[in-house]
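> what follows is a predicted structure for the sequence shown.
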Amino acid sequence: MKSVCQTPLPATASGLRAQRVYPIVVHILLVGIFIVGWAEMSIVGILPNIASSFGIHPTELSVVISLYSVAFAIVGPVVLIGVRWMSPRFMLTLLMGVIAASSLASALADDAVTMSILRMVLAAASAAFAGTTMSVAVKLVSAEQSGGVLGYIAAGFGGALVCGVPLSIMIADVGGWELAFQLIGAGGILCALAIWTVWPGVSQVGTPPKSMQFSAIRALKADHFIGQAGILLWMLAYAIPFSFLPSILRGSLGYTASELTIAMILFGCCCMAGAQVGGFVSDRLGELRTITLAFVAHAAILAAAPFLVTSFPGVLVTMMIWGGVSWMSTPPLQALIAKTSKDISDLMLTVSNSVLHISIALGAFVGAVLMAASLVTFFYVPVVILSVAIFVMWRHRTKLVPFDGAAIVESEFKEE
């Protein structure tokens, strides 16, 4: 069972033209991931504007953010299972269309309940789109380029991390918070049209029935979830300081808003660069070595952070190195999951995004508890978590073998 992206193109003039379309498709998927990230991040910056429009306090609207994460983590994989029978072209176009429609509808919302429902729809479609995009991107390139293309796609989310919140704030100040959602929706429509227009014209082989898909999922062994464990521990170690470090820098350490802005911009830029470096290194050293290297560097900078953040130059150094090495592990982790879950990689990558959002929520909770502790404790708990992640990944290094879901499905079909 091969997907559209695994089917070789004929050695004809039309085939060569189709091959040249592949880079364009990858670029469009990058834009799609940016839109997904922007749609998720946008509400953080304009929450006070929306709350004021609804006549409520911002804390009463914060449930919208929590419900988004819940829908992303739980409903997203369910949505993907429901649409896996579609061709990647139709599926990605449809999901981006839903993202665009829910964003446009959010601009018309006039109460918190309506906004919450629309954000949950957005989250479910975004989760399915992100997982499918990463799976498809890997299949659009050779195996030797899988880490690099995932690093490139991850840069779309990194761009949203850097630009999403300030861009939405700027737009809301100029034209109201509704305009921010309208522009996201317009961008989603253009992206959906682009996906449908330029997708490679290769025949699509059908996806097996859902019962067979579930057979492949049930056949997964614990070792095939090591990548998910890596995602869980990495994001937990990242989310604990990320959720509250800005508050600590502004509060107990007394840095100004302009200093924090500079630090966060440099942090975001280094996150994007780190994802690119991670993909590049992964294609040359392999996924596991790159993950281990990134985790060790991540733990090292967090261990040094309590002593560096006491001066502004130290804050800049910490934020830049932390941003780079933390996101360096993203492409090899996703590539590892894709390679160890053949034929259901889109579903497993969507699950990895769900795990990521669960870790963000858990990290925010743990970070809130640790804020009352010392600065050393605040940073050293993530160091311990990363140490556990390094041990788990390296202990299973000889057990990370590819998972052939198609072979299992075929064998069960023959038995029946």
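Now that the structure is in, tell me what you want to look at.

> show me where pLDDT drops low in the stretch 201-350 of the chain?
By pLDDT under 70, the weakly predicted segments of the stretch 201-350 of the chain are 201-224, 243, 247, 341-347.

> which helices and strands sit right next to the host helix or strand of L333?
Here L333 is covered by helix 330-339, with elements defined by DSSP states H and E. Packing contacts for helix 330-339, counted by 3 or more Cβ pairs under 8 Å, 6 or more residues apart in numbering; DSSP states H and E, involve helix 112-139, helix 146-175, helix 226-250, helix 257-285, helix 287-308, helix 345-370. Quick note: C-beta positions are derived from backbone N, CA and C, even for glycine.

> could you pull up the mean pLDDT of the second one?
The reference is to helix 146-175. Across helix 146-175, the average pLDDT comes to 78.

> list the helices and strands that helix packs on?
Looks like helix 146-175 contacts helix 13-54, helix 112-139, helix 177-198, helix 257-285, helix 330-339 (3+ Cβ pairs under 8 Å, 6+ apart).

> quick one: closest of the ones you listed to A303.
Taking Cβ to Cβ, helix 257-285 is the member of the helices and strands packed on helix 146-175 nearest to A303, at 18.0 Å.

> tell me what that closest one is packed against?
Going by 3+ Cβ pairs under 8 Å, 6+ apart, helix 257-285 lies up against helix 146-175, helix 226-250, helix 287-308, helix 312-328, helix 330-339.

> what about that helix, distance to the chain center?
15 Å (Cα atoms, centre = their mean, to the nearest Å).

> name the stretch among the helices and strands packed on helix 146-175 that sits most buried.
Highest mean neighbour count among the helices and strands packed on helix 146-175 (mean count of other Cβ atoms under 10 Å): helix 330-339, with a mean of 28.

> using TSV, lay out the helices and strands packed on helix 330-339 together with distance to G323.
Rendered in TSV, the data for the helices and strands packed on helix 330-339 read as follows (distance: least, Cβ to Cβ, whole Å):
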stretch	distance to G323
helix 112-139	21
helix 146-175	9
helix 226-250	10
helix 257-285	4
helix 287-308	10
helix 345-370	16
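
> circling back: helix 146-175 and the helix holding L333, what's the angle between them?
120 degrees (axes from the mean of the first three to the mean of the last three Cα atoms, to 10 degrees).

> quick check: mean pLDDT of stretch 74-83?
75.

> which residues sit against that stretch?
91, 94-95, 120, 123-128, 131-132, 210, 213, 346-347, 350-351, 353-354 (Cβ atoms under 8 Å, 6 or more residues apart in numbering).

> check contacts around the residue nearest to the spatial centre of the chain.
The chain has N353 as the residue nearest its centroid, 5.8 Å off, counting by Cα atoms, centre = their mean. Counting by Cβ under 8 Å, 6+ apart, N353 makes contact with F72, A73, G76, A127, A130, G131.

> apply 6 Å and report the result again.
Contact analysis of N353 by Cβ atoms under 6 Å, 6 or more residues apart in numbering lists A127, A130, G131.

> closest to L30 out of the helices and strands packed on helix 330-339?
Comparing the helices and strands packed on helix 330-339 by Cβ to Cβ, helix 146-175 comes nearest, at 4.4 Å.
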